[in-house]
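# Predicted model and sequence follow; I will ask about them next.
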Amino acid sequence: MTRFLFAVVPLVLLTSAASAQQQGRDACSRDASRLCRAHLSEGDQVVLACLKEHRSRLSKACQQTLAENGQ
């Protein structure tokens with residue numbers, strides 16, 4: 001599951017800066033694990049859709065990360 005989260009978040013962020021990717025992973029991995037656990041094996045786009053669906057329950061940092069990356 002952890003390996004999947006490290007693969008998902010960089011795709012969600014769509015950024016090439018290593019520090020931004022790390023911050024995005026840190027910001028959203030816990031939310032993805034907590035809110036979208038049932039979808040983690042279904043692919044990146046499904047997890048992203050789940051995060052968007054639960055936007056009001058996401059941490060402020062994850063909400064900001066998604067917004068900054070056009071999600």
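On my side now, so go ahead.
# now the chain, which segments are flagged as low pLDDT?
1-25 (pLDDT under 70).
# how about 80 then?
Filtered on pLDDT under 80, the chain yields the residue ranges 1-26.
# quick one, what contacts G43?
By C-beta atoms under 8 Å, 6 or more residues apart in numbering, G43 lies in contact with nothing. Using the backbone N, CA and C atoms, a C-beta is placed for each residue, glycine as well.
# same thing with A61?
Taking C-beta under 8 Å, 6+ apart, one finds 26-28 in contact with A61.
# In TSV, list these along with distance to R55 and secondary structure.
Shown next, in TSV, are these (distance: C-beta to C-beta, whole Å; DSSP: H, G, I helix; E, B strand; the rest coil):
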residue	distance to R55	secondary structure
D26	18	helix
A27	13	helix
C28	11	helix
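# Narrow those residues to just the buried residues.
By neighbour count, with 16 or more other C-beta atoms under 10 Å, the contacts of A61 hold 27-28 as buried.
# out of the contacts of A61, who's nearest H54?
Nearest to H54 among the contacts of A61: C28, at 11.1 Å, using C-beta to C-beta.
# mind checking how far the closest one is from E42?
16 Å (C-beta to C-beta, to the nearest Å).
# how many neighbours does L66 have?
Residues lying near L66 (other C-beta atoms under 10 Å) number 21.
# got the buried residues for the helix or strand containing K52?
According to DSSP states H and E, K52 maps onto helix 44-53. Across helix 44-53, burial judged by 16+ other C-beta under 10 Å covers 47-48, 50-51.
# For the residues you listed, please prepare TSV with the additional fields distance to N69.
Converted to TSV, the buried residues of helix 44-53 look like this (distance: C-beta to C-beta, whole Å):
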residue	distance to N69
V47	14
L48	10
C50	16
L51	11
